[in-house]
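Engineer: The following comprises the amino acid sequence and a computationally predicted model.
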Amino acid sequence: MGAVASCLSSIVSAIADVFHTIFSAIGSILHTITTSSFPIHAMKSHTQKKRRE
């Protein structure tokens, strides 16, 4: 029983880590979009200019 419980707890913690990473990434993206004064197309053209260099 102990081995099964430790295995389940490790799986649950791994899933929690994945969800935490996903939600923090979504939060940072939303924060960047809401706080940024640049429109999306300007950011796209800026990244394209960086790739050309």
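Structural biologist: Now that the structure is in, tell me what you want to look at. Numbering: from 1, shown residues only.
Engineer: Output the longest helix belonging to the protein.
Structural biologist: If you go by DSSP state H, the chain has its longest helix at helix 2-35.
Engineer: avg pLDDT for that helix?
Structural biologist: For helix 2-35, mean pLDDT rounds to 90.
Engineer: Start the count at 560 instead of 1 going forward.
Structural biologist: All set: I'll call the first residue 560, so the last point we hit is now helix 561-594.
Engineer: Could you tell me which residues within it count as buried?
Structural biologist: Residues of helix 561-594 include none that count as buried (16 or more other CB atoms under 10 Å). (Each C-beta comes from the backbone N, C-alpha and C, glycine too.)
Engineer: and the gap between residue 567 and residue 574?
Structural biologist: Residue 567 is 11 Å from residue 574, where distance means CB to CB, to the nearest Å.
Engineer: next one: residue 566
Structural biologist: Distance, residue 566 to residue 574, using CB to CB: 13 Å.
Engineer: what do you get for residue 586?
Structural biologist: Using CB to CB, residue 586 is found at 18 Å from residue 574.
Engineer: just residue 589 next, same as before
Structural biologist: Plainly put, residue 589 is 22 Å away from residue 574 if you go by CB to CB.
Engineer: now do residue 594
Structural biologist: Using CB to CB, residue 594 is found at 30 Å from residue 574.
Engineer: next one: residue 568
Structural biologist: Residue 568 sits at a distance of 11 Å from residue 574 (criterion: CB to CB).
Engineer: again with residue 583
Structural biologist: For residue 583, the distance to residue 574 (CB to CB) stands at 15 Å.
Engineer: do the same with residue 561
Structural biologist: On the measure of CB to CB, residue 561 and residue 574 end up 21 Å apart.
Engineer: Next: residue 565.
Structural biologist: Per CB to CB, residue 565 is found 15 Å from residue 574.
Engineer: Likewise for residue 590?
Structural biologist: Noted for residue 590: a distance of 24 Å to residue 574, by CB to CB.
Engineer: swap in residue 564?
Structural biologist: Residue 564 sits 16 Å away from residue 574 when distances are taken as CB to CB.
Engineer: Good, we can wrap up now.
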